[in-house]
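# Give me coordinates for this.
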Amino acid sequence: MADSTRSRLRITALLLPLTIAACDAPGGQELELSWERVPDRAWSGPDLWANRLQDWSVRGGRLESQPGLPMRTAHILTARLEPARGGVELVTRLGIADMDAAVEWPAGAGVLLGAGGPELDWRRAALIHHSPGPGGGLFAGIDDEGRLFVRDFSSENELLGRSETAVVAVDSIDLRIQITPQRGQVELKLDASAAGTSSDQVKLDAGPFELNRLTGGLALVADAPGADSGAVWFSHLQASGRGLENHEERALGPTPSNSRSARKKVGGTPWASPPW
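Numbers count the residues shown, from 1 in each chain. Below you'll find the model as predicted:
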């Protein structure tokens, strides 16, 4: 869809009708995802690969994960972190709603950073979920106690940092993550507050980390093992900066298979039915 009034540096794509915008701006590239005007459906959208497909859906203008499952991810296929090129800021609105007491450890929601590392093929990196392993990335987010955290998903989800203070309620939160290169390493800064306000703000600094720890894919994460009710949801995500790399050519069509019998091999490894 061409529009001669648009800036040549900006591309806006609309598809069924997930709102997606990407651009090359003077300060770097940008990405925006929103489900606020998307009708209820099982498909997460063209920019995402959901693990597993049946564990995510769009309801009430939000992307939701089913409760009771550990480390469910929705990988953003069309974006990648390259902190060697510069910093990145991510902002998302999320919630951890009505989680019951059966959760095995504090439920969490946030973003997986550097999934797959600098070398793993992006299609294989998009399958990272459930269990930690080499190249798993850093999980930065907020738990159901209102505390910010950074976990190492390449090493048993080890806790690398947790805020001393907590947001009072986590049913609707604005979470911001700043990725800042410093002298060949990377610092992470997280802050969170009640949605639409700056009150009750909680902050966490983590790092420094090696550049390759934050180089790789991005994914939304819902982690709520053992819960019988409740939901983790996201309504939108914005990302920008020189360290953000856009890959719009990786977007999916509206009919990805969810059959476990349909399998492909990438690099000799069989996996369940991604459409590429």
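
# low pLDDT regions in the stretch 151-276 of the chain?
Within the stretch 151-276 of the chain, the segments meeting pLDDT under 70 span 254-273, 275-276.

# At which residues are the strands of the stretch 151-276 of the chain located?
Secondary structure of the stretch 151-276 of the chain, counting by DSSP state E, counting those that start in this stretch: strands at 158-162, 173-182, 185-194, 202-210, 216-223, 231-241, 244-246, 263-266, 269-272.

# What pairs with the shortest one, parallel or antiparallel?
For strand 244-246, the paired strands and their directions (DSSP bridges) read strand 72-81 (antiparallel).

# next helix or strand past the strand it pairs with?
On the C-terminal side of strand 72-81, the nearest following helix or strand under DSSP states H and E is strand 88-97.

# just for the stretch 1-150 of the chain, where's the confidence low?
Confidence mapping of the stretch 1-150 of the chain against pLDDT under 70 gives the ranges 1-27, 99-105.

# give me that answer again for 50
Screening the stretch 1-150 of the chain residue by residue with the criterion pLDDT under 50, one finds the ranges 1-26.

# How far off centre is stretch 134-143?
For stretch 134-143, the distance between its averaged C-alpha position and the chain's averaged C-alpha position is 10 Å (Cα atoms, centre = their mean, to the nearest Å).

# Quick check: which of the strands of the stretch 151-276 of the chain is buried the most?
Compared across the strands of the stretch 151-276 of the chain, strand 216-223 shows the largest average neighbour count, a mean of 28 (mean count of other Cβ atoms under 10 Å). Any C-beta I mention is one placed from the backbone N, CA and C, and that applies to glycine too.

# Alpha carbons of stretch 58-70, in PDB - could you do that?
Listed next in PDB are the C-alpha coordinates belonging to stretch 58-70 (Å, rounded to 0.1, in the frame of the first residue of the first chain):
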ATOM      1  CA  VAL A  58      -6.300 -12.000  21.500                       C
ATOM      2  CA  ARG A  59      -9.200 -11.100  23.800                       C
ATOM      3  CA  GLY A  60     -10.700  -7.700  24.700                       C
ATOM      4  CA  GLY A  61      -8.000  -5.800  22.900                       C
ATOM      5  CA  ARG A  62      -5.100  -7.600  24.600                       C
ATOM      6  CA  LEU A  63      -2.700 -10.400  23.800                       C
ATOM      7  CA  GLU A  64      -3.200 -13.000  26.500                       C
ATOM      8  CA  SER A  65      -1.500 -16.200  27.600                       C
ATOM      9  CA  GLN A  66      -3.200 -19.200  29.100                       C
ATOM     10  CA  PRO A  67      -2.600 -19.600  32.900                       C
ATOM     11  CA  GLY A  68      -0.800 -22.500  34.400                       C
ATOM     12  CA  LEU A  69       2.200 -22.600  32.000                       C
ATOM     13  CA  PRO A  70       5.800 -21.700  32.500                       C
END
